[in-house]
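Engineer: My questions are about this predicted structure, shown below with the sequence.
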Amino acid sequence: MVTSSDDAPEAHAAADPARNEWVVQVEGIVRARPEGTANAELATGEIEVAVDRLKVLNPSKVPPFYVNEEQPGLDESLRLTHRYLDLRRPAMQERLLVRARLSGAIRRVLEDEGFVDIETPTLIRSTPEGARDFVVPSRLQPGQFYALPQSPQQLKQLLMVAGYDRYYQLARCYRDEDLRGDRQPEFTQLDLEMSFVTETDVMDLVERTAIAVSEVVRPDRPILADPFPRLTYAEAMNRYGSDKPDIRFGMELVELSSVVGTVEFRVFTEPIAAGGAVFGIRAPGCGGYSRAQLDELIDLAKRHGAKGLVHLAVQDDGTLHGPASKFLGDVEGGLRDALAAEPGDLVLIVADADRIAAAEALGRVRLEMGDRLDLRDPSVLAYVWVHRFPMFTWDAESERWDATHNPFSAPIPEDVDRMTSDPASARAQQYDLALNGWELGGGSVRIHQRPLLEAAFALMGHSIEAMRDQFGALLDALEYGAPPHGGIAIGIDRWAALLAGVENIREVMAFPKTQSGADLMMDAPSPIAPEQLAELHLRVIEGD
RNA sequence: GGGCCCGUGGUGUAGUGGCCUAACAUGCCAGCCUGUCACGCUGGAGAUCGCCGGUUCGAAUCCGGUCGGGCCCGCCA
C-alpha cells in the first residue's frame, strides 16, 4: 500500500500515525508496481494499492511482544496473558488450523462410517476410580456435588445398551491431576464406541480413520507403517521398554539374562535370582562417550527407576571396557554377539528384580540415545498398536489389584478364568494407539455381563454396596440385553500437537492453562463472593 | 508431595562480589530522508535487576524465604 502526499494528501496524513496492529480501512486502485520496485520475495510483490482514502478503524496500543514476527525466547506467561495477541501470530494460526482440519476430518470419516455424534453431560456423578475429579457444588441440593467427567466412559457404554451401535463424540474431559506439557486439566478426546465388535474391528476402524485423517491433515508427512504394527504389551516392553514405543528407530532392547546369568557380578545375578531381568542396548558409535555424557545417562536411568546403568565401550580388539568389565570374564564375547556390538559402540545395560522396571528404565535411555543420535525423524508419522495389556496391576500401597487401564475392560477369552485364579497373568482386550512415542489413546472391548464386571470390581476391592452406589446404572443396564461392545478414546490435543510438530499441547489449544492450572488471561481460578459461597452451602477454610 | 531450571528498560539478551552512574539489539518517542517493503540517518526517553529478609565496607551477582513461569519424578490414561 502506498500513499502519496501529492495525489491524496488526506490519506497520506491519515496514514502517518498508523503503527503495527492498527486497523485501517483503505480505498484505492490496485496497480502493478512501477518499474524496478517489484519484490519477488513477497507474494504480492508485483502489485500495490494506490491509496485514495484511508480511515483508521481502530488504533492499537504498542503490543507487549512482537505479533508480526516469531520470537523464540518469548516468555510463555506473557503470551498466555495476552493470548488474543499471541493467537494472531501466523505460527499459532497455523497450529489451530491443523487442529481444526483434524477434528473436521475425523467427523467426516466417522460419519461416512455410520457413526452418530451424541453429546453427553458434563455435570455427572463423582466416582473414586481413576483420576481425581473436578467437582461442582449443587445449589439446589445442599452438600451435594457434581463431578466433571474424566471421560464419558459409562455414558457411552449406556448408549451401546440403548442401541446406538456406532457412537462418537469430540468430548471435553476433566482431570484434577498435576499437569505436564502433554496434560491439561481439561482436554478433548475423540470418544467412540461400537456394538458387536471384536478388538480387531475397533483397531481396524480406528486405523482406517487415523490414516485417512493423517493424509488430509498432513499429506506431506509419510506414515511409517501401513497397516500399523500390532505389538503385544509383552513384546513392546521387551523390545522397546515402553507401552508407547517410538518405532521410528531400532536400537531395540535385547534381553541378556541368560547371557550374563553365570557371571559373578551381583548387579546381574541378584536381580535374575529374584525373577527379574537384564536388558541391554547398543548405541552405535558412542564408545567414546565422556564421563559427563555417561553420567547424564546414568542419572536418566536412575530417575526412571533403575538402580544403575552399566556402560561398556567396545574396544578396537572387541573387548568391553567399563567399570563392570572385570566381572564379565568369558561372557564378554556372548554379550557382544547378543547385541551385535561393533568396535566403537557403547553398550548400556540395566538389571532389575522387576523386569518391567528394568525394561522401562532402559527404554527411556533408548529414547535419549535416539534423540542424541538424531534417529527420531520428525517428519515421519509412526503409529503403532500395543494390545493385550495385563488386566490388573498390583497396587502395593493400597494392597489390592487395580485396573491397568480401565476397570470395564474385558479379559481375552482364554484368560477369563485367570481373572480370579491368577489375576497377574490375565490379559485384557485392551489396545493403545501410540504415535512417535506418545500415547495417543486407548480402548478396550468391555465387559458386557454383569456377573463378570462385578467379579472384576470385587477383585479390585470394591464392596457390593459401593459398586451399586457408584456404577448402579451401568450394572443394571447390563442386565437388559446389553450387546457386546468396545471402543476407544483418542487424545485430540496430543494428536494435533504431533501433527503440528510441536512438543506441547498448549501450542494447539487456543486458551490453555499454566502448569499450576491458572488461566493467566482470565485470571482464573479466582475467589468468589461470600453470597455465592452461601448460595452453594460452602465455607472456605482459611490457611494451609 | 519432591527435584531441577528461569525471572535484568516494552520485548529478547549480556553482566555471576567493587571497573555497573547496569551494556547490546529491537521496540517506543522526536526530527530528517521519501520507492521503501526487517528502510536508512540523527537525537531522546525508558530498569528501584520478580518480591521480602540476611551476609558484606560494598549485592543484579552470595545465602534464606516467597511469588510467577517451565521441565521432570510421584500422580494421571
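Structural biologist: Here it is on my side, so go on.
Engineer: so where's the stretch 301-450 of chain A uncertain?
Structural biologist: The stretch 301-450 of chain A contains no residues with pLDDT under 70.
Engineer: show me where it has helices.
Structural biologist: Taking DSSP state H, counting those that start in this stretch to define them, one finds helices in the stretch 301-450 of chain A at A:325-328, A:332-339, A:355-372, A:418-421, A:450-459.
Engineer: Of these, which is nearest RNA strand B?
Structural biologist: With CB to the nearest atom of the strand as the criterion, RNA strand B lies closest to helix A:355-372 of the helices of the stretch 301-450 of chain A, at 7.5 Å. Quick note: C-beta positions are derived from backbone N, CA and C, even for glycine.
Engineer: Report the contact partners of the residue lying closest to A:G461 once chain neighbours are set aside.
Structural biologist: In space, and not counting its chain neighbours, A:G461 is closest to A:R400: 4.1 Å by CB to CB, 6 or more residues apart in numbering. Residues near A:R400 by CB atoms under 8 Å, 6 or more residues apart in numbering: A:W394, A:M460, A:G461.
Engineer: near RNA strand B, which residues of the stretch 201-350 of chain A show up?
Structural biologist: Taking CB under 7 Å from any atom of the strand as the criterion, the neighbours of RNA strand B within the stretch 201-350 of chain A are A:D243, A:R303, A:H304, A:G305.
Engineer: what does the stretch 51-200 of chain A put close to RNA strand B?
Structural biologist: Neighbours of RNA strand B within the stretch 51-200 of chain A, by CB under 7 Å from any atom of the strand: A:62, A:64-66, A:71, A:73-78, A:129-132, A:150-151, A:175, A:177-181, A:183.
Engineer: List buried residues within those residues.
Structural biologist: Buried by 16 or more other CB atoms under 10 Å: A:E129, A:G130, A:Q150, A:S151, A:R175, A:L179, out of these.
Engineer: any chance of those in CSV, with secondary structure and distance to A:G333 too?
Structural biologist: Conversion of those to CSV gives the following (DSSP: H, G, I helix; E, B strand; the rest coil; distance: CB to CB, whole Å):
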residue, secondary structure, distance to A:G333
A:E129, coil, 52
A:G130, coil, 49
A:Q150, coil, 53
A:S151, coil, 52
A:R175, coil, 51
A:L179, coil, 49
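Engineer: which stretches of the stretch 401-544 of chain A form strands?
Structural biologist: A:430-435, A:438-445, A:485-491 (DSSP state E, counting those that start in this stretch).
Engineer: shaky segments in chain A?
Structural biologist: Counting by pLDDT under 70, chain A shows low-confidence ranges at A:543-544.
Engineer: List the residues that contact A:A338.
Structural biologist: With contacts defined as CB under 8 Å, 6+ apart, the neighbours of A:A338 are A:V254, A:L256, A:V259, A:G280.
Engineer: quick one: contacts for the first one?
Structural biologist: The contact partners of A:V254, taken as CB under 8 Å, 6+ apart, are A:F279, A:G280, A:I281, A:R282, A:A338, A:L339.
Engineer: Most neighbours out of these, which is it?
Structural biologist: Tallying neighbours with other CB atoms under 10 Å puts A:F279 at the head of these, with 29 neighbours.
Engineer: Out of the contacts of A:A338, which comes closest to RNA strand B?
Structural biologist: Comparing the contacts of A:A338 against RNA strand B with CB to the nearest atom of the strand places A:G280 closest, at 21.6 Å.
Engineer: hang on, that closest one is in a helix, isn't it?
Structural biologist: No - if the criterion is DSSP: H, G, I helix; E, B strand; the rest coil, then A:G280 is strand and not within a helix.
Engineer: show me what contacts it?
Structural biologist: Neighbouring residues of A:G280 by CB under 8 Å, 6+ apart: A:L253, A:V254, A:L256, A:L335, A:A338, A:L339, A:V347, A:L348, A:I349, A:V350, A:L362.
Engineer: Grab the nearest non-local neighbour of it.
Structural biologist: Distances taken as CB to CB, 6+ apart place A:I349 nearest to A:G280, at 4.3 Å, with adjacent residues excluded.
Engineer: Pretty sure that neighbour sits against A:K307.
Structural biologist: No - with contacts defined as CB atoms under 8 Å, A:I349 does not count as touching A:K307, sitting 11.5 Å away.
Engineer: what about those two, which has more around it?
Structural biologist: In this view A:I349 and A:K307 are compared by other CB under 10 Å, and A:I349 has more residues nearby, 27 against 16.
Engineer: What residues are bridge-paired with the more buried one?
Structural biologist: A:G280, A:V310 (DSSP bridges).
Engineer: Contacts only, for it.
Structural biologist: With contacts defined as CB under 8 Å, 6+ apart, A:I349 is in contact with A:L256, A:V278, A:F279, A:G280, A:L309, A:V310, A:H311, A:L312, A:L362.
Engineer: Okay, buried residues for the strand ranked longest in chain A please.
Structural biologist: For chain A, the longest strand by residue count, based on DSSP state E, is strand A:47-58. Applying a neighbour-count criterion of 16+ other CB under 10 Å, the buried positions in strand A:47-58 are A:E48, A:V51, A:L54.
Engineer: now stretch A:503-511
Structural biologist: Judged by neighbour count using 16+ other CB under 10 Å, the buried positions of stretch A:503-511 are A:I505, A:R506, A:E507, A:V508, A:M509.
Engineer: Stretch A:113-123 too?
Structural biologist: Result for stretch A:113-123 [16+ other CB under 10 Å]: buried residues A:F115, A:I118, A:T120, A:T122.
Engineer: now it, how far from the chain's geometric center?
Structural biologist: Between the centre of stretch A:113-123 and the centre of its host chain there is 22 Å, according to CA atoms, centre = their mean, to the nearest Å.
Engineer: go on, stretch A:245-265?
Structural biologist: 27 Å.
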